[in-house]
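> Give me the fold of what follows.
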Amino acid sequence: MDVIGKITPTSGAAKHAWIIVATDYFTKWVEAKSYAELTSKEVCDFVEEHIVTRFGVPETIITDNGTIFTAERFKEYTASLKIRLEQSTPYYPQANGQAEASNKVLIGILEKIIKERPGMWHLKLNEALWAYRTSPRSATATTPYALTYGHDAVLPVELSINSLRLIEQSSLFSAEYNQSMSQELEDLEEARFDAYNLLVAQKQIAERAYNQKVRQKTFGEGDLVWQTVLPVGLKDPRFGKWSPNWEGPFIVHKVYGKGAYHLKDRTGVIHRLPINGKFLKKYYPVTWEMRE
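Residues are numbered from 1 along each chain as shown. Next up, the predicted model:
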């Protein structure tokens, strides 16, 4: 789950400027809603209205470290439903990659739809969602709609031309129709199994390609490390272009999974948020420090 915004121009009299987006990792089904203002209350209401009461209680929700997701209200809400809340490390959006990918596609669809009236984009959000849900995704080789409901959506154009699918359905007797629906349920299980295998295969290919290009860095608790000055490219006004790219050293306080680490400074003060190992490198003390 992620947030798009703040969006300019704002939309409509209410000045909608934010979109909450939630994507199911398997079917790629997307739920989204626009808001003028966004707090943890709206996030809780969104999860309740667009996820829980439509699809049931999810096992896990993955977000970034935005304040609306780290707020106590949202944590208490997810805890009350026994939803495991996972948050990606700061400055590393790849850790919430599905949300980032969905955002990119959804924004691209919206941009094409609202060319004539960009100041009313919130009215076209459902149209963009419809286009997303009924278009095949390369990761699954089918549409989110078909993986969710077991068949492709009936498109408005099919009604105007009376498509072959509609003709065949309308000619079925009751018993034949029931048999057809049962067959769809069986086919859905097979389609989901095929989509799952495709997702696993693509993930393995991506991991192999990544591992060939990137040298994995691992650190243990108690290790001294340098941390990249974040955000990347930030300049200290005192030094301008001579600003250092690394700060520290810091001590690895705790090691998490998926390359995340919690640091503390040398006085024992623990950093508020964990960080991805991509932004760390081993610190080697100079000779005079070793003598001390």
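> Check which residues of stretch 21-37 are buried.
In terms of neighbour count (16 or more other CB atoms under 10 Å), stretch 21-37 has its buried residues at 21-24, 26-35. (C-beta placed from N, C-alpha, C; glycine too.)
> May I have that stretch as PDB, with CA atoms only?
The C-alpha trace of stretch 21-37 is given here as PDB (Å, rounded to 0.1, in the frame of the first residue of the first chain):
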ATOM      1  CA  VAL A  21      -3.300   2.800  -3.700                       C
ATOM      2  CA  ALA A  22      -3.400  -0.800  -2.500                       C
ATOM      3  CA  THR A  23      -2.200  -3.700  -4.700                       C
ATOM      4  CA  ASP A  24      -2.700  -7.400  -4.200                       C
ATOM      5  CA  TYR A  25       0.800  -9.000  -4.800                       C
ATOM      6  CA  PHE A  26      -0.700 -12.100  -6.500                       C
ATOM      7  CA  THR A  27      -3.600 -11.000  -8.700                       C
ATOM      8  CA  LYS A  28      -2.300  -7.500  -9.200                       C
ATOM      9  CA  TRP A  29      -5.800  -6.200  -8.400                       C
ATOM     10  CA  VAL A  30      -5.600  -2.500  -7.400                       C
ATOM     11  CA  GLU A  31      -7.900  -0.500  -5.100                       C
ATOM     12  CA  ALA A  32      -7.500   3.300  -5.000                       C
ATOM     13  CA  LYS A  33      -9.300   6.400  -3.700                       C
ATOM     14  CA  SER A  34      -8.500  10.100  -3.900                       C
ATOM     15  CA  TYR A  35      -8.500  12.600  -1.000                       C
ATOM     16  CA  ALA A  36      -8.100  16.300  -0.400                       C
ATOM     17  CA  GLU A  37      -6.500  15.700   3.000                       C
END
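> what's the model's confidence in stretch 220-238, averaged?
Stretch 220-238 carries an average pLDDT of 80.
> what do you get for stretch 14-30?
What stretch 14-30 shows for mean pLDDT is 93.
> still on that earlier bit, can you put the buried residues of stretch 21-37 in a markdown table and add secondary structure and distance to K6?
Below are the buried residues of stretch 21-37 laid out as a markdown table (DSSP: H, G, I helix; E, B strand; the rest coil; distance: CB to CB, whole Å):
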| residue | secondary structure | distance to K6 |
| --- | --- | --- |
| V21 | strand | 14 |
| A22 | strand | 19 |
| T23 | strand | 21 |
| D24 | coil | 26 |
| F26 | coil | 30 |
| T27 | coil | 29 |
| K28 | coil | 26 |
| W29 | coil | 26 |
| V30 | strand | 20 |
| E31 | strand | 20 |
| A32 | strand | 16 |
| K33 | strand | 15 |
| S34 | strand | 12 |
| Y35 | strand | 11 |
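> Can you add distance to N245 and give these back as TSV?
Formatted as TSV, these follow (distance: CB to CB, whole Å):
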residue	distance to N245
V21	33
A22	36
T23	34
D24	39
F26	39
T27	42
K28	37
W29	41
V30	37
E31	40
A32	37
K33	40
S34	38
Y35	37
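> Can you pick out the most distant pair from these?
Maximum pairwise distance in the buried residues of stretch 21-37, criterion CB to CB, is 26.7 Å, between F26 and Y35.
> Name the nearest of the buried residues of stretch 21-37 relative to H151.
Nearest to H151 among the buried residues of stretch 21-37: T27, at 13.5 Å, using CB to CB.
> which ones are touching that closest one?
140, 144, 147-148, 195 (CB atoms under 8 Å, 6 or more residues apart in numbering).
> any idea how far it is from G108?
20 Å (CB to CB, to the nearest Å).
> Likewise for G150?
Computed as CB to CB, the G150 to G108 distance reads 27 Å.
> So between these two, which is more surrounded?
For G150 versus G108, neighbours defined as other CB atoms under 10 Å are more numerous around G150 (17 against 11).
> from memory that one sits against E184, does it?
Yes - G150 is within contact range of E184, at 4.8 Å (criterion: CB atoms under 8 Å).
> ok, which stretches of this structure are strands?
Here the chain has its strands, by DSSP state E, at 2-4, 18-23, 30-35, 60-63, 84-87, 224-228, 246-255, 260-264, 275-276, 280-282.
> Pull the distance from the fourth one to the chain's centre.
Using CA atoms, centre = their mean, to the nearest Å, the mean C-alpha position of strand 60-63 is found 8 Å from that of the whole chain.
> contacts for it?
1-2, 22, 47, 69, 78, 83-88, 96, 98-99.
> ok, those vs P285, which is closest?
Closest to P285 out of these is S88 (31.6 Å), distances taken as CB to CB.
> Nice, that's everything, thank you.
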